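**Q** structure of the sequence below:
(2 chains)
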Amino acid sequence: MPAEEMGKVTDRMRFVFAVSSLIFLAVLAISPFKDYRREWKQYKRSYLRFAQSRPDTKRLTADYNPNIDQIWLPGMNVVDRCTTCHLGITQASLADKSVPQPFRAHPPIPHNVREWGCTICHRGQGPATEVAEAHESTLAWEQPALPTHFIQASCGTCHQADLPQTPQLAKGRLVLAELNCIGCHRLQGIERPAMLGPDLSSIGTKVSREWIYKWLKEPRTIVDKDGNVTVNGVETEEEPRMPKFRLSETELRALTAYLSVQKAKLLVPYKISPAVVVAWSKNPELISQGELRFRQMFCSTCHSLAVTRAGETKLIGGDIGPELTKVGSKVNPDWLISWLRDPEAYLPHTRMPKYGWSDEDLYKVTQYIATKLVDSDLLTNVPKLDPPSDEEIQTGRRLFTEKGCASCHAIEGLNPQKDFGPDLSALGGKNASDLEFGTAKIPHNLVSYIQAKLQDPVSVNPAARMPQYNWNQADLDAVTTALLSMNGAPPTSALQNLVVPRKEAAFHPTGSFAEVYERYKCYTCHKFNGYGGNLAPDLTYEGSRAQRQWLVEFLKSPQTLRPTLILRMPQLNMSDKDAATLADYLSMVIQHPAVNPAGTDARQFTPAMATLGKQLYEVKYQCQSCHTIGGTGGYVGPNLNNAGGWLTPAWIEAWLKNPQALVPDTIEPRRNFTDDEIKAMTAYLMTLRAGIKPQKTASDFGLPNSALGAGR
Amino acid sequence: MRVRNLAGFAALVVIALYGGSGCRKHAEAAKADPLLAAYDSEPDWTDSTKMIPLGYQQAQGKRVFYQYCVWCHADATPAGPSNRSNLTPVPPLLNDGATLNAESDEYMQNIITLGGSALGKSAMMPPYGRTLSAEEIRSVIAFTRAIAQPPYQPPGRPGSQYSAK
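**A** Model (predicted):
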């Protein structure tokens, strides 16, 4: 530029100045426009227009303000601005499905949404003011809102004890515990039990190397021609507790070699009396008699057998112990006899009771198992295995720890790796960037990750050691929910105070009762003071409920009280002394504090009271809709044919007054009987007596059931 | 020269317009699966391949139903056999819309709370007012409405055609 032109304002400079001013003006004008167009402001205006279209505009707009709304819970680190757009969450008149989101009312839940905010349950980014940032995963925020299908996970973050309202979460926690996930992973709220998989210290005395090979390769043995199994009438991917590991041929050979030489406790065969063998071995009834005893002892309460009807394979029976359809082809016959006589001698912590056996029963039942519960094709695909070499055994020993077998199965002298699998006790709070997705083509969020990992562990990590499970969708979703609920320690001390802990239950009986209780493993099925299984009635108040003499007879010859039950109390062949010990303890110690079994004197009942009671039972209250007396009536409650010989009058009175006070989850409704009506009906029920005779059995009704067991 | 300036001006306007948007990564759109957005679900009793999504209240009703009511108001129960065929008069199936859709929520609440005899029906239907809370009974009614066949139409004003934004 020439010097004389310096400082001279040219047209061109004027033009440039004018243009830049215009641009500046435009930019200044754009920012209020953009502010006006903000997403949340549009929703606010939209809500106002929407409220105008409703008849109750005034109520809907009473709390309206044009600014950002937020719920602030300083103690819990929650700043939720969701209500900026979700303006109708507490408006009852906006509950209908036709109300467009985001204005619809929140469905009724036990927590006040104004007090608790939104993200404690729904997750997502509370302070965000844009739809995508609040709900979805962004670069700056990796915890998207949780799909409602899994929302019970959020309940579980604080409620570590199970709630009736969250069945999916409770089921997930149960499946995690049942599948022994705790063997390899740390999980919040699930403790490691004394035994996970069976102790294998003496497995070499029980099964052959070939059988171990087959089992490690394919732990499912029961399938129909389409590869399906029905459990309790529902088609399922039968999920054995033992999952499938991806093992190479060399690994299979090494592991089977190592396991087949585990004989810590030598098997001392028990000799069945030769007289019994001679008397029965040629008898054509031997096998059918054995099957009859097998059924009469109610092995099926804990063990299932596959039954094929019309091309459909069903497992009939309980799942406390392993299914036994092919057990005769699995175990060494000498081992079977020793096991049945004293299960705990082979396996400490077993849940199998010690039955009282006569040689005759033992012979019949084991012959039945060895003849009928077999499959000659079970081991056809197993290659010929030579006697194990030292090298194979050494490799097997190493693999047993490295593959994680030792995390669930104890072997004497072998220490498992500590923390074999990743710690999952805080998985629910993980960000997507903390997870390894590998090459898997799945959305990068926690829910998709958990489901992909559970379904096929190598899909997200080719080096995964986790075994393969066959999930059905319901179990998969339940387990996902339970894992999402595990957030490690709650985030702040204020929330920590709100965490509802799991209830600890303890029942430590002493004396001769304890010895019998332990031998018959009553706790496998029954609960006492919150400790024990839930297959059979809770016996916490049994002493208040049942007469002592009835208890003795029942223990010696158990008959089901509910016609629809097929999972029945096993026939334990108890001695008179054992039955008396149990009955004495139950009737004297195991009582309800408010129901003294001797508190109501039956001598006060007159025939006139009993007649009135019968009328009340049959006409006014029609109890026969659920209870059977003398062959007529319903199947829902227990039959009352022997009510007078079974129940104490004090229990009947207390029960009629308030059944839930005695058994909280019983389905018998609490009625509004007068005291006189209660006396009359008790008098009537006490007149009902019958010797204990077999009721209709299980198989008359088809399918197993434990749903009714809890309340008896 | 003018053309170039105009182009620059336009570019600046565009930059300004987008300037305020910030750095945002749009994640994949949420799945439209209605069951994923539901608290629980129940197979349609007349066609088990169809799943009916349930909200929180309906799901609680389902739970209460399968504990207390299923024994007489369904043909299959968790125990297998149903007590329904034992009873005269035969209780309605819970999804029987032809019978139950005509009854108001108040009537349903009353018959469950007070029992059949209080409303001139069979005394075989016991009262549940002292066993279940009013809220639990409401939830059972909500579940009944959700699974009804033919489907239940709530009384009152037809749905608004208004849509947000």
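
**Q** how about A:F150, phi and psi?
**A** For A:F150, the backbone dihedrals are phi -110, psi 10 (criterion: degrees, to the nearest 10).

**Q** gap between it and chain B?
**A** 8 Å (CB to the nearest CB, to the nearest Å). C-beta: built from backbone N, CA, C; applies to glycine.

**Q** give the other helices and strands that the helix or strand that A:F294 is a member of contacts.
**A** A:F294 belongs to helix A:286-296 when assigned by DSSP states H and E. The contact analysis (3 or more CB pairs under 8 Å, 6 or more residues apart in numbering or on different chains; DSSP states H and E) places helix A:286-296 against helix A:359-372.

**Q** could I get the helix it packs on in PDB with only the CA atoms?
**A** What follows is helix A:359-372, C-alpha atoms only, in PDB (Å, rounded to 0.1, in the frame of the first residue of the first chain):
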ATOM      1  CA  ASP A 359     -30.900-104.400  53.700                       C
ATOM      2  CA  GLU A 360     -34.000-105.500  51.800                       C
ATOM      3  CA  ASP A 361     -35.000-101.900  50.800                       C
ATOM      4  CA  LEU A 362     -31.400-101.100  50.000                       C
ATOM      5  CA  TYR A 363     -31.100-104.100  47.700                       C
ATOM      6  CA  LYS A 364     -34.400-103.500  45.900                       C
ATOM      7  CA  VAL A 365     -33.900 -99.700  45.400                       C
ATOM      8  CA  THR A 366     -30.200-100.000  44.200                       C
ATOM      9  CA  GLN A 367     -31.200-102.900  41.800                       C
ATOM     10  CA  TYR A 368     -34.000-100.700  40.400                       C
ATOM     11  CA  ILE A 369     -31.600 -97.800  39.900                       C
ATOM     12  CA  ALA A 370     -29.000-100.000  38.200                       C
ATOM     13  CA  THR A 371     -31.600-101.600  35.900                       C
ATOM     14  CA  LYS A 372     -34.000 -98.900  35.100                       C
END
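
**Q** please identify the buried residues of whichever helix or strand comes after it?
**A** For helix A:359-372, the following helix or strand on the C-terminal side (DSSP H and E) is helix A:390-402. Using 16 or more other CB atoms under 10 Å in any protein chain shown as the test for burial, helix A:390-402 gives A:392-393, A:395-397, A:399-401.

**Q** same check, this time on stretch B:75-86
**A** Buried-residue list, stretch B:75-86, by 16+ other CB under 10 Å: B:77-84, B:86.

**Q** check these against chain A, which are close?
**A** B:77-81, B:83, B:86 (CB under 8 Å from any CB of the partner chain).

**Q** quick check: A:A153 touching A:H159?
**A** No - contact criterion CB atoms under 8 Å: A:A153 and A:H159 do not qualify, at 10.9 Å.

**Q** higher neighbour count, the two?
**A** A:A153 (25 against 19; other CB atoms under 10 Å in any protein chain shown).

**Q** gap between the more buried one and A:A134?
**A** 19 Å (CB to CB, to the nearest Å).

**Q** and the residue of the stretch 51-200 of chain A closest to chain B?
**A** A:S98 (2.6 Å; CB to the nearest CB).

**Q** doesn't B:E42 lie inside a strand?
**A** Yes - applying DSSP: H, G, I helix; E, B strand; the rest coil, one finds B:E42 inside a strand.

**Q** list the contacts of it.
**A** Counting by CB atoms under 8 Å, 6 or more residues apart in numbering or on different chains, B:E42 makes contact with B:51-52, B:54, B:62, B:143, B:146-147.

**Q** could you do B:G116 as well?
**A** B:122-126.

**Q** kindly identify which of those also come near chain A.
**A** B:122-126.

**Q** pick out whichever of those residues sits closest to A:P659.
**A** Set against A:P659, the nearest of the ones next to chain A among the contacts of B:G116 by CB to CB is B:P126 (11.3 Å).

**Q** now do the phi/psi pair for the closest one.
**A** The phi/psi pair for B:P126 (degrees, to the nearest 10) is phi -80, psi 160.

**Q** which one is it nearest to, not counting chain neighbours?
**A** Distance criterion CB to CB, 6 or more residues apart in numbering or on different chains; nearest residue to B:P126, sequence neighbours excluded, is A:P669 at 4.7 Å.

**Q** so which strand or helix has that neighbour?
**A** With DSSP H and E as the test, A:P669 turns up in no helix or strand.

**Q** hang on, the earlier thing: neighbours around the residue of the stretch 51-200 of chain A closest to chain B, how many?
**A** 13.

**Q** just say helix, strand or coil for it.
**A** Quick answer, by three-state DSSP: A:S98 is coil.

**Q** equivalent analysis for A:G413, please.
**A** coil.

**Q** residues contacting it?
**A** A:G413 neighbours (CB under 8 Å, 6+ apart): none.

**Q** ranking helices and strands of chain B by mean pLDDT, which lands last?
**A** helix B:2-19 (a mean of 56; mean pLDDT, DSSP states H and E).

**Q** next, name the residue at the spatial heart of chain B.
**A** B:L54 (3.9 Å; CA atoms, centre = their mean).

**Q** ok, now how distant is the closest residue to it other than its chain neighbours from A:W116?
**A** Of all residues not flanking B:L54 in the chain, B:D40 sits nearest, at 4.6 Å (CB to CB, 6+ apart). According to CB to CB, B:D40 stands 21 Å off from A:W116.

**Q** who's more crowded, those two?
**A** The neighbour comparison of B:D40 against A:W116 (other CB under 10 Å) goes to B:D40, with 22 against 16.

**Q** the more buried one against B:Q57, yeah?
**A** No - contact between B:D40 and B:Q57 fails when scored by CB under 8 Å: they sit 10.6 Å apart.

**Q** thinking again about what came up before, which one of the ones next to chain A among the contacts of B:G116 is nearest A:L187?
**A** B:P126 (41.9 Å).

**Q** could you list the domains of chain A?
**A** A:3-36, A:39-145, A:159-189+A:425-496, A:203-372, A:511-711 (automatic domain parsing).

**Q** what comes up buried for the first one?
**A** Judged by neighbour count (16+ other CB under 10 Å), domain A:3-36 contains these buried residues: A:19, A:23, A:30.

**Q** is chain B within reach of that domain?
**A** Yes - Domain A:3-36 reaches chain B (CB under 8 Å from any CB) through A:12, A:15-16, A:19, A:22-23, A:26-27, A:30-31, A:34.

**Q** can you tell me which of the residues you listed are in helices?
**A** Counting by DSSP state H, the residues of domain A:3-36 next to chain B place A:12, A:15-16, A:19, A:22-23, A:26-27, A:30-31, A:34 in helices.
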